[in-house]
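K.L.:
Here is my input, please return the structure:
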Amino acid sequence: MGVAGTLEYLSDLLSSAKKRKKRKQLQTVALKVRMDCEGCKLKVKNALSSVKGVKSVDVDLKQQKATVTGFADPKKVLKAARATGKKADPWPYVPYNLIAHPYAVQVYDKKAPPGFVRATEDTSIASLNSVEEQYATMFSDENPNACSVM
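P.N.:
Modelled structure (predicted):
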């Protein structure tokens, strides 16, 4: 096999690499699913486990949360959860400490699990403005020049 054979081999190798399907990335999908009992939990877990590409399913009855990990499409996972007859939506909550104003009307949800608030796209609620940032750091424990009265 000479130079021409080597070039032909490399050309075939590169062209076959382009034809392959792009592999899906491993992702985690969290859903809020209305469940009442252990039977509901088992029904949801079995339905989500049957979706192609799912590696693991964790269902938390107390938080009404189903977490799916795998290569499955999030839309298909949501569709499978709804096919059980249960009300299912994407997980609407984020940890409490990620929101600057967790008691604002748009994010506070008394039905949220402990330590969570409703997610929001509103930047005025999700982050502190410059004046609020100054006051927050003025009385912070991490600030060595903070007020000693506290």
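
K.L.:
quick one, strands of this structure?
P.N.:
Using DSSP state E, the strands of the chain run over 27-33, 54-60, 65-70, 88-90, 93-95, 116-118.

K.L.:
what's in contact with the second one?
P.N.:
Strand 54-60 is contacted by residues 26, 33, 35, 41, 44-45, 48-49, 65-72, 77 when judged by C-beta atoms under 8 Å, 6 or more residues apart in numbering. (C-beta placed from N, C-alpha, C; glycine too.)

K.L.:
Surely Val51 is in contact with Ala72?
P.N.:
Yes: counting by C-beta atoms under 8 Å, Ala72 is a contact partner of Val51 at 4.9 Å.

K.L.:
And Gly39, how far from Ala30?
P.N.:
Separation of Gly39 from Ala30 (C-beta to C-beta, to the nearest Å) stands at 22 Å.

K.L.:
quick one, which of these two is more surrounded?
P.N.:
A count of neighbours by other C-beta atoms under 10 Å puts Ala30 above the other of Gly39 and Ala30, at 16 against 9.

K.L.:
who's in contact with the more buried one?
P.N.:
Going by C-beta under 8 Å, 6+ apart, Ala30 touches Lys65, Ala66, Thr67, Val68, Pro90, Trp91.
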